[in-house]
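1. sequence below, structure please.
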Amino acid sequence: STFAIGRSGLRLVDRQPSHGVRPVSITISDDLVYVVNAGGASASADAADNIAGFRLSRSGRLQAISDSTRPLSAVNSGPAQVSFNPEGDVLLVTEKTTHTLTTFSVGQDGRVISQQSTPSSGEVPFGFNFAGRAKVFVANASGSVSSYFIDETATPLVLADAVPANATAVCWLVANKAKGHAVELVGKESVEG
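-> Model (predicted):
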């Protein structure tokens with residue numbers, strides 16, 4: 001769903017099918033929108049976890065991009081978050097059940113060019129935040145934070161391997177770009193990385 005923001009609040013502009021079951025996260029880069037669907041737990045072949053792309057018009061309408069729906073690494077991968085890198089040419093999805101990071105290279109037409117899945121350095125990768133074009137910090141719900149460098153082939157290369165966060169159920173974090181290297185756990189202690 002898209003909403004217009006006005007003085008009196010929000011107004012629904014458009015609603016479109018997510019091209020999957022149970023959308024759990026959405027990301028936008030300019031007019032390109034991608035959603036990740038986590039319906040694989042329903043055990044239906046049509047409900048496999050996936051991503052799907054849309055174009056967002058100036059009026060706030062969504063138009064599905066043909067041939068943009070792609071499966072994740074497994075039918076029931078347990079996706080947590082999808083996000084573009086700052087340039088908008090790579091999508092990253094964290095998969096809790098498979099302990100995997102799945103990356104997609106995205107072309108100028110908004111369609112996926114390539115896809116790969118890489119084992120996470122920490123168990124149960126959940127929320128993440130990019131710090132610059134190629135560096136990403138991932139909160140692992142098992143109680144750690146990992147950092148990766150996304151290379152030119154969209155492969156996540158480990159920079160810091162599952163640094164303990166001194167907290168349990170670490171789900172979200174924010175990269176503090178002003179400090180350059182600090183990661184702040186939402187509602188938890190800070191971790192240097």
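
2. low-scoring stretches of this protein, by residue?
-> Applying pLDDT under 70 to the chain picks out residues 42-46, 176-193.

3. remind me which helix or strand the residue most central in space within the chain belongs to.
-> A centroid search over the chain (Cα atoms, centre = their mean) returns V82, at 1.6 Å, as the residue closest to the centre. In the assignment (DSSP states H and E), V82 maps to strand 79-84.

4. just to revisit the earlier point, give me the nearest residue to the residue nearest to the centre of the chain, chain neighbours excluded.
-> Spatially, and ignoring its direct neighbours in sequence, V82 is nearest to V36 (3.9 Å; Cβ to Cβ, 6 or more residues apart in numbering). Bear in mind the C-beta positions are built from the backbone N, C-alpha and C, glycine included.

5. following the strand holding V82, which helix or strand comes up?
-> strand 90-95.

6. what are the contacting residues of that following strand?
-> 27, 34, 36, 49, 51, 72-74, 77-85, 100-106, 112, 117, 120, 125-128, 136, 138, 150, 154, 156 (Cβ atoms under 8 Å, 6 or more residues apart in numbering).

7. how about a cut-off of 6 Å?
-> 34, 36, 73, 77-84, 102-104, 106, 125-126, 128, 150, 154 (Cβ atoms under 6 Å, 6 or more residues apart in numbering).

8. that strand pairs with which strands?
-> Using DSSP bridges, strand 90-95 pairs in its sheet with strand 79-84 (antiparallel), strand 100-106 (antiparallel).

9. can you name the secondary structure element that comes next after the last one?
-> What that stands for is strand 100-106. Using DSSP H and E, the helix or strand that directly follows strand 100-106 along the chain is strand 112-119.

10. between the following helix or strand past that following strand and strand 112-119, how many degrees?
-> As assigned by DSSP H and E, the chain's next helix or strand after strand 112-119 is strand 125-130. Strand 125-130 runs at 120 degrees relative to strand 112-119, counting by axes from the mean of the first three to the mean of the last three Cα atoms, to 10 degrees.

11. mind giving me the packing neighbours of strand 125-130?
-> In terms of contacts (3 or more Cβ pairs under 6 Å, 6 or more residues apart in numbering; DSSP states H and E), strand 125-130 is packed against strand 90-95, strand 135-140, strand 173-176.

12. of all these, which one is nearest R7?
-> Checking the helices and strands packed on strand 125-130 against R7 by Cβ to Cβ gives strand 173-176 as the closest, at 29.3 Å.

13. and the closest residue in space to H19 that isn't next to it in sequence, how far is that from Q115?
-> Closest residue to H19 apart from its sequence neighbours, by Cβ to Cβ, 6+ apart: A52 at 3.6 Å. Note on A52: its distance to Q115, by Cβ to Cβ, to the nearest Å, is 13 Å.

14. got a list of contacts for stretch 28-44?
-> With Cβ under 6 Å, 6+ apart, stretch 28-44 has contacts from 18, 20-27, 47-56, 75-76, 79, 82, 84, 88, 91, 93, 110.
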